[in-house]
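K.L.:
sequence? don't have it. structure:
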């Protein structure tokens with residue numbers, strides 16, 4: 001039996017107080033809707049149908065996935081009406097799972113359990129028990145304890161409002177039943193909307209059974225309506241990640257002060273200090289130490305390497321036993337070889353640093369290739385940009401660059417060459433040559449400093 005997933009993402013989200021559609025607000029660095037899509041993809045769904053309405057084009061531009069079937073709900077007339085916009089694209093012999101773009105953290109295991117219990121005459125509904133069920137539709141059970149209906153709070157009696165088992169809206173059923181029951185929905189309610197939840201009562205009246213499942217954590221089914229709820233869910237999500245990292249052997253100096261906004265792979269005996277952020281895909285080898293206040297994005301850090309405080313690393317490959325920082329910035333395209341060092345207040349971009357080479361401090365090295373055991377003195381810059389084009393600097397093995405030097409690219413420096421401090425190098429230096437390129441010093445006697453009038 002094939003599975004089709006419908007994700008409802010048409011709401012405006014006015015309580016977010018934002019010009020952006022609610023479902024593209026980010027949790028852990030990723031749009032909420034993308035979280036739901038990624039989860040649905042792990043269920044081996046044949047097709048994912050997303051119903052959009054408010055800000056539809058913005059949502060489509062944000063979620064660039066060619067495998068999505070986009071469905072437009074031009075008028076927001078309720079969840080039942082939203083589902084109706086997609087059912088014509090779903091064959092009747094499939095199963096259907098209905099999810100929500102603002103409920104981002106439902107686990108794959110929870111949804112698999114829900115889908116597996118679907119039968120031709122059996123619907124599967126995700127419910128949760130809440131201490132404070134205000135705002136949620138209540139689960140009304142029959143005398144035999146099966147689910148008989150869902151009553152929205154606005155339509156509930158005082159007695160029904162005392163029920164603390166509530167509807168999450170997440171529902172799985174056969175497409176055949178969905179095709180038959182959607183046309184039977186009515187908008188005769190306080191909101192004059194077509195509630196998807198009314199399908200439960202319709203199904204029961206037609207002799208179907210409605211079974212329920214519950215998630216391990218109530219946060220799995222927590223929806224986001226405002227920025228406070230988004231923050232609460234973010235904090236819970238990050239706490240779960242921290243817990244998993246520590247149980248897997250990672251040392252976190254403070255599990256409440258780390259953000260993982262993507263995926264983090266790690267080896268043994270990794271240590272992460274305070275206030276670190278990991279974005280995209282990051283891989284940390286054995287024994288890696290990350291100092292406080294570091295941001296690492298789409299990078300690999302080799303075993304035994306140390307990243308000191310306040311360093312920013314993006315789209316970079318760091319080999320084994322490398323020393324970085326403090327206050328270093330490694331920009332995209334940087335590759336640091338084994339045993340190399342990029343020190344404090346150094347910036348690199350599209351630069352290959354050879355084994356054992358050092359750029360210790362206060363330098364910019366961009367569009368460059370450094371051989372092995374190169375030493376770049378403080379205050380060195382590669383002048384790689386002429387205002388239009390970028391040019392390359394090449395330093396051979398064993399090159400020594402004196403402090404406060406400017407290397408005007410394109411330029412090549414041969415192996416074991418030396419550049420005197422304060423030089424501006426504009427042409428090639430051959431192997432083992434000394435280059436000194438600076439103005440002759442003059443000492444003038446009797447010089448009077450300027451004074452204020």
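P.N.:
All right, it came through fine. As the structure is a computational prediction, the values presented were derived from the model and not from experiment. Numbering: from 1, shown residues only.

K.L.:
pretty sure residue 263 contacts residue 279?
P.N.:
No - using CB atoms under 8 Å as the test, residue 263 is too far from residue 279 to be in contact (9.9 Å). All C-beta spots, glycine's among them, are computed from the backbone N, C-alpha and C.

K.L.:
Looking at those two, which one has more neighbours?
P.N.:
residue 279 (20 against 11; other CB atoms under 10 Å).

K.L.:
Domain ranges for the protein, per the record?
P.N.:
Residue ranges for the domains of the chain, per automatic domain parsing: 3-221, 227-435.

K.L.:
Worst mean pLDDT among those?
P.N.:
Sorting the domains of the chain by mean pLDDT places domain 3-221 lowest, at a mean of 94.

K.L.:
and it, how far apart are its ends?
P.N.:
21 Å (CA to CA, to the nearest Å).

K.L.:
you'd agree residue 375 is up against residue 357?
P.N.:
Yes - with contact defined as CB under 8 Å, residue 375 and residue 357 form a contacting pair (7.3 Å).

K.L.:
And those two? Which one has more around it.
P.N.:
For residue 375 versus residue 357, the count of surrounding residues by other CB under 10 Å is larger for residue 357: 24 against 19.

K.L.:
Give me the spatial nearest neighbour of that one, chain neighbours excluded.
P.N.:
Among residues not flanking residue 357 along the chain, residue 374 sits closest, at 4.0 Å (CB to CB, 6 or more residues apart in numbering).

K.L.:
Might you report the residue contacts of residue 252?
P.N.:
By CB atoms under 8 Å, 6 or more residues apart in numbering, the contact set of residue 252 is 242, 245, 246, 258, 272.

K.L.:
what's the closest non-adjacent residue to it?
P.N.:
According to CB to CB, 6+ apart, the nearest residue to residue 252 is residue 272 (5.4 Å).

K.L.:
how about that neighbour, what does it touch?
P.N.:
Residue 272 makes contact with 245, 250, 251, 252, 253, 258, 290, according to CB under 8 Å, 6+ apart.

K.L.:
sorry, back to before: tell me which of the domains of the chain sits nearest to residue 449.
P.N.:
In terms of CB to CB, the element of these nearest to residue 449 is domain 227-435, at 23.1 Å.

K.L.:
quick one: the residue lying closest to residue 363 once chain neighbours are set aside from residue 134, how far?
P.N.:
Closest residue in space to residue 363, ignoring its immediate chain neighbours: residue 380 at 4.5 Å, by CB to CB, 6+ apart. Relative to residue 134, residue 380 is positioned 63 Å away (CB to CB, to the nearest Å).

K.L.:
Compare the two and say which one has the larger neighbour count.
P.N.:
Taking neighbours as other CB under 10 Å, residue 380 and residue 134 compare with residue 380 leading, 25 against 8.

K.L.:
Quick check on the more buried one: phi, psi?
P.N.:
Taking degrees, to the nearest 10, you get phi -80, psi 140 for the backbone angles of residue 380.

K.L.:
isn't it right up against residue 400?
P.N.:
No - counting by CB under 8 Å, residue 380 stays clear of residue 400, with 10.9 Å between them.

K.L.:
Could you give the number of residues near the nearest residue to residue 154 once chain neighbours are set aside?
P.N.:
Closest residue to residue 154 apart from its sequence neighbours, by CB to CB, 6+ apart: residue 190 at 4.4 Å. Residues within reach of residue 190, counting by other CB under 10 Å, total 9.

K.L.:
if I've got this straight, residue 190 is in a helix?
P.N.:
No - judged by DSSP: H, G, I helix; E, B strand; the rest coil, residue 190 forms no part of a helix; its state is coil.
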